[in-house]
Structures are given as structure tokens and as C-alpha cells.
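> Coordinates for the following, if possible.
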Amino acid sequence: MYRAPVAEIAFTLKHVAGLGDALASGVFPGLTEDLVDAVLEEAGRFATEKLAPLNRIGDRLGANLSEVAVKTAPGWREAYSAWSGAGWSGISAPEAAGGQGLPIALSAATQEMWNGACMAFTLCPMLTMGAIEALDRHGSDALKSLYLGRLVTGEWTGTMNLTEPQAGSDLGALTCRADRRDDGAYRLFGQKIFITYGEHDLAENIIHLVLARLPDAPPGSRGISLFLVPKVLVDSDGKLGARNDVFVSGIEHKLGIHGSPTCTMIYGDGRFGDEPGAVGWLVGEEHRGLACMFTMMNNARLMVGVQGVGLAELALQQATTYASERRQGRAPGATGAGMSLIAEHPDIRRTLLTMRALTEAARAICLSCAVASDLGRADGYPDREKQRARAELLTPVAKAFSTDVAVEVASLGVQVHGGMGFIEETGAAQTLRDARITPIYEGTNGIQAIDLVTRKLPLGDGAVVGEYINDMRTIAEKARAQNRPDFGRMGERIEAALDDLKAATDHLLALLSQGRTAEALAGATPYLRLFGLAAGGSYLAKAALASLGEGAAASAMRIATARFMAEHMLPECAALRSAVVDGAEAVLNAPIADSDAAS
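Here you go, the predicted structure:
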């Protein structure tokens, strides 16, 4: 069963992602390392003791629909009550709304542990936190006074309603309609699909944030507005009233995350209320809803990357435990009688190191993105704009690289278990099934690669990504300067990977400047992988350097992991560079199907 890696997360947060330096600078008044450690310890305890036991229960029993009500798995309601009662919903919410106002990075660290323990449960709080941020930044004072406080306490939960049957990633194709009313409210009509926790029994009200189109809206994504639509209407005193005209018509039967209800929501068919139409209120300005929703989506994209880290950590723990108990064959050089532990076989050792290196690299990228986001919002921080831009740059990498890692590490975990990994009783199969959604939702990883190449690389005419690569070079130079046998060729290999990243970056920027967008996008996905590996390898070296003054065991593990990634995984960067620089024609000129080739 999962055990929260509190010490490793704290180390990465403070010494690799940069929170320790930020605390020392005083940018977060009142926040100390002791408080950070206390929050992480308590979050880890909750993850290990309360949430981890629910993971298999939710997978086996799932969420169940009866009429228009969804019943969650046994233990879910009690766990949510304990979670909200402890104040976790407001960890990074503004203090003015009753939250704790702690950094996003600390929220991300806690969410890694909760997702590792039980991802299907943690999806609900994650979306509520995103709704809090969107409402706080874009909602009117009247809406905030009625809804924000209850979301912050966790009494009510929030959702994000984007997708429709005909409109997956293309939000410009949305058809959900909103009609104006004389009283300032709106009536919504339409269908939304894939709505996580669109209906459940954890809280007494659900606050839906819904994208819809007004009758006079311009076409495409520029004509979308955002509306707050409660499941239960609320009077001016904040008391619950009549049921709103929105309900769940079905829940999906999915590959994984069975404990999380994925709902089809119907707005405005007249089932509830005096007249058809779900009553909603505008968030932000008319026809500017996508900008408001992106506040929630950007939060969700980082936190989905954090989900990937949590799942990868779970798979690593499962595989390490199994490999340390299962005996099979004789490892080279084995002494004594009997079979060897499979962890002693070189190939299993290599597999476990691969899993560890990818997991820790993804963690460092996500937490570094979160710290940059915090510093980019900090009043008076001298490098605020640099950090804001860095968070923008890293967000698609955090989401896509980390969720690809989740699937890769979970698959390797099944492999370590052998045939037993294909059997549900070990839990390895569930981890892989749960992980598979993460590269898909909140913007597929292909879309993240497009975003990275077309929107983030050109920031500052390429200066943002250039400065980031230079900062990573400083780490590589320090690693090379150690000249320690246990560092091997770490610094040299990281420098080579960063050379590959720089060459690929320059090539893509040149293509974009020439209007050759299709050629640039043909290499977007391998470029994102190249970026993630080079950045991740650099961060692992930073961890190794930072651990030199620590205990021998922790230092040895971090050095070994960083060296392994540098010498065994970063050579892939050269091949990825080749795919980015030389591979566009092979993509763009290939037929889509056999019939295309024949014609």
C-alpha cells in the first residue's frame, strides 16, 4: 500500500524547486520551513492512513447512478468529511475568503500525496480548488459572497464543464446555449460530457462552471461565456433552496479511476424548476469566458501533472516492494543457497532505476513550475516577471511529461511484477489503468506540445526558453566540476542534452518565424519529451549536489539516480533532436491511410 514520501517531496520542494531560497528571501511572510514540514507531514499522514485504504475499494465498487443521484464508494463520504473538516480545501485559497493563503507549490506537494494514495478521490478536491481560483479572480463580489466561502471550506464542491459530444478539444464548436433574463440571471440549455464529479453524495451542493454561448455571440472560441450554475439554488442569505434544472443523465464505464463519477450533464430540459433552463450567473464578461476558464484549466493542467507524479510514485513503491520480496533464479555473482531476489538481477535493477529517475524528474519539474507560479504572483518579488514567464513555459511540460511518465512508469511496474502484474490482486494493473487518462484530459499531451512550441517558445522572442536553458547549464557545470567518481559522466551528459535542447529550440523558432508552422508541429511531441528529459536530468543533478551534505544513504541514492538518468536516459535526447530537426518531411508527406497511398 502507498506510503507518502514526505521527506523526498520536502527535499525536492525546498532544495530543487527553490522554495527554500524563496522562504529565506521573505517573499512568503509568516511561512517557515517548520510550517512547510508540518503541513507536508499532516498531508502525508492523511494520504497514507485515510485515502490509501480507499484506492482498491473505489476501483472495485466504483460510483453508482440511481435516477439522478450518484452514490460514491464506501468510505468516500467519511473521507471527504474528514478532508474538508481539516481545512485542506482552502490550503492555497485567499485568506480573505477563509483560506490559508499558502503557496500553490505547497498545495501541489500535498496533492501529489493524495493522488498517489487515491487519485479517483482527489479529482474532486482538485477541481474544487480550480473553481475557487477562477471565481476569486473573475467572479463578481455578489457571486463571491454567496459561493466562494462554501467552496473554500469544502462544504460545496466545484466542477469544470467544457466538453460536449461534438466538441472535444475544439472549444469553438460548443453549442450549449445561454439566454439572458431581465433579472440579470441567465438560463442555460445543452449537454456536457466527461464532467468529473458532476454529481455525487460528498457535499450538499455542487457549483458548476459552465462554458456556453449567448444568442448574439460571435462564432468560434471568441464567443464563449462562462457561467456559474449551482446544482441547488441559493437565496440571498446563502441558504439552499430549490433544485436547479441541471442533472446527471449517465456516468461513464471507464478503463480506470472507477471511484470518480464521470458524468453526462443535462442543462435545461425542464426536469426541475418552474420553467426550462438551468439558472446561472455570468462569471467575468460576456464572450470572454474562455479567458476565465483558462484560469481554472492552467491550475488543473499543473495539478494533472502532479497526479502523474503521484501515480508514478505509487507504481515505483509497488514494484520496489514486490522486487524486494519475490525470489526467482540466480543473479550473477549470487552467493549462498536458494533463489535470488529479483531486485538483485541487473535488468530489474535497471528497470527500478528508470522508474525512480523518471518519477523524481517529473516531481522536480512540477514543483519547480509551481514555485515559479507562486513567485510570479508575489508582490514586490524582484524577478516576478521572469518567474511568471517561466511558469508559463513549464506548465505544458509539467502536464505532458509527467503524465507520460505516469503511464510509462506504471507499465514498467506491471513488467516488474511479471505475470502477477497482469492480475488485478497486486494493484499494479489498477495503477496503469488509472494513469492512462492523465495524458488525455485537461488538454491532451499533443495539445500541450503544440502549446509549448507555438505559444511558449516564442515568449520574449525566445528569451524565456533561452534563459531557462542557461540556468540548467549552470547546474550541469557544477555537476561536472565535482569531479567525483560516483558522479560519473553526469555533468558531461547533461551538457550534451542541453545542447540538443538548444539546437532543437533554435530550429523550431526559426521555422515559426518563417511561417512553417506545420513543420514545427511535426516535431512538437518529440520536442516536449526532449525538454522534459533535459530539464529532469538537470534537476536530478541539482538534487544530487544539494544532498552532498546530507546523510550518506540519502546522498548516495540521489547521486546514483541522477547519474543513471544522465548516462542511461539522456542519450535519448540526441535522437529526439534528430526527430525534431530532420523528421518533419517523414510526418507531413506520409499517407494517413493505405487508400491515400494508393490514390
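> Every contact and neighbour count from this point should use C-alpha atoms.
Will do.
> From residue 424, how far off is residue 416?
In this view, residue 416 and residue 424 are 14 Å apart by Cα to Cα, to the nearest Å.
> Compare neighbour counts for those two and give me the winner.
Shown here are residue 416 and residue 424; by other Cα atoms under 10 Å, residue 416 has more neighbours (25 against 13).
> so what's the more buried one closest to, chain neighbours aside?
For residue 416, the nearest residue in space outside its immediate sequence neighbours is residue 319; the separation is 6.0 Å by Cα to Cα, 6 or more residues apart in numbering.
> so which helix or strand takes in the residue nearest the centre of the chain?
Closest residue to the average C-alpha location of the chain: residue 304 at 1.7 Å, with Cα atoms, centre = their mean. Taking DSSP states H and E as the definition, residue 304 sits inside helix 289-323.
> now that helix: mean pLDDT?
Mean pLDDT, computed over helix 289-323, is 92.
> before we move on, what about stretch 28-45?
Averaged across stretch 28-45, pLDDT comes to 96.
> List the buried residues for that stretch?
Using 16 or more other Cα atoms under 10 Å as the burial criterion, the residues of stretch 28-45 that qualify are 28, 36, 37, 39, 40, 41, 43, 44, 45.
> Can you tell me what sits against it?
The list of residues contacting stretch 28-45 from outside it, by Cα atoms under 8 Å, 6 or more residues apart in numbering, reads 3-6, 10, 20, 22-23, 102, 106, 109-110, 113-114.
> Please tell me which one of those residues counts the most neighbours.
Ranked by neighbour count (other Cα under 10 Å), these have residue 113 at the top, with 34 neighbours.
> pretty sure that one is touching residue 310, no?
Yes. Distance between residue 113 and residue 310: 6.1 Å, which falls inside the contact criterion (Cα atoms under 8 Å).
> picking up where we left off before, so which of the buried residues of stretch 28-45 sit within helices?
Assignment to helices by DSSP state H places the following of the buried residues of stretch 28-45 there: 36, 37, 39, 40, 41, 43, 44, 45.
> Which single strand of the chain contains the most residues?
The longest strand of the chain (DSSP state E) is strand 186-196.
> Direction included, what does that one pair up with?
Strands flanking strand 186-196 in the sheet, each with its direction: strand 177-180 (antiparallel), strand 262-267 (antiparallel), strand 278-283 (antiparallel) (DSSP bridges).
> do you know which of those lies nearest residue 61?
Closest to residue 61 of the strands paired with strand 186-196 is strand 262-267 (Cα to Cα; 14.5 Å).
> quick one: average confidence on the closest one?
Per-residue pLDDT values over strand 262-267 give a mean of 97.
> How about stretch 361-381?
96.
> Show me what counts as buried in it.
Across stretch 361-381, burial judged by 16+ other Cα under 10 Å covers 361-376, 378, 381.
> Of those residues, which belong to helices?
Judged by DSSP H, the subset of the buried residues of stretch 361-381 located in helices is 361-376.
> mind listing what's buried in the helix or strand hosting residue 534?
With the criterion set as DSSP H and E, the secondary-structure element containing residue 534 is helix 524-546. Under the neighbour-count criterion of 16+ other Cα under 10 Å, helix 524-546 has 524-546 buried.
> host element of the nearest residue to residue 307 once chain neighbours are set aside?
Of all residues not flanking residue 307 in the chain, residue 115 sits nearest, at 5.5 Å (Cα to Cα, 6+ apart). Using DSSP H and E, residue 115 falls within helix 104-138.
> What is that helix packed up against?
When contacts are defined as 3 or more Cα pairs under 8 Å, 6 or more residues apart in numbering; DSSP states H and E, helix 104-138 sits against helix 33-46, helix 54-61, helix 149-153, strand 156-161, helix 289-323, helix 346-377.
> Next one: residue 409 from residue 390, what distance?
From residue 409 over to residue 390 the distance is 27 Å, taken as Cα to Cα.
> meant to ask about residue 193, not that
Between residue 193 and residue 390 the distance is 33 Å, computed by Cα to Cα.
> list the contacts for the nearest residue to residue 366 once chain neighbours are set aside?
Setting aside the residues directly before and after it, residue 366 is nearest to residue 398 in space (Cα to Cα, 6+ apart), at 5.0 Å. Under the criterion of Cα under 8 Å, 6+ apart, the contact partners of residue 398 comprise 301, 302, 305, 306, 362, 365, 366, 369.
> which residue packs closest to the fourth one, ignoring adjacent ones?
Sequence neighbours aside, residue 112 is the residue nearest to residue 306 in space, at 5.3 Å (criterion: Cα to Cα, 6+ apart).
> does that neighbour really touch residue 304, like I thought?
No. With contact defined as Cα under 8 Å, residue 112 and residue 304 do not form a contacting pair (9.4 Å).
> and for those two, which residues touch both?
Contact with both residue 112 and residue 304 is made by no residue, according to Cα under 8 Å, 6+ apart.
> coming back round to it: out of the ones in helices among the buried residues of stretch 361-381, which is nearest to residue 255?
Using Cα to Cα, residue 362 comes nearest to residue 255 of those, at 23.8 Å.
> nearest residue to the closest one other than its sequence neighbours?
Excluding the flanking residues, the one nearest residue 362 by Cα to Cα, 6+ apart is residue 402, at 5.0 Å.
> now do residue 549
Leaving out its chain neighbours, residue 549 is closest to residue 555 (Cα to Cα, 6+ apart), at 7.8 Å.
> so the one you found makes contact with residue 547?
Yes. With contact defined as Cα under 8 Å, residue 555 and residue 547 form a contacting pair (5.0 Å).
> before we move on, the earlier item: same list (the helices and strands packed on helix 104-138) but as TSV, adding distance to residue 568.
Formatted as TSV, these follow (distance: least, Cα to Cα, whole Å):
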stretch	distance to residue 568
helix 33-46	32
helix 54-61	33
helix 149-153	45
strand 156-161	41
helix 289-323	18
helix 346-377	9
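> out of those, which comes closest to residue 475?
Among those, helix 346-377 comes nearest to residue 475, with 13.8 Å by Cα to Cα.
> downstream neighbour of the closest one in the secondary structure list?
Next along from helix 346-377, by DSSP H and E: helix 384-417.
> and the angle from that next one to helix 524-546?
Using axes from the mean of the first three to the mean of the last three Cα atoms, to 10 degrees, the interaxial angle of helix 384-417 with respect to helix 524-546 works out to 90 degrees.
> Helix 384-417: what's the following helix or strand?
Downstream of helix 384-417, the next assigned helix or strand under DSSP H and E is helix 428-435.
> which helices and strands does that following helix pack with?
Short answer (3+ Cα pairs under 8 Å, 6+ apart): helix 428-435 packs on helix 289-323, helix 384-417.
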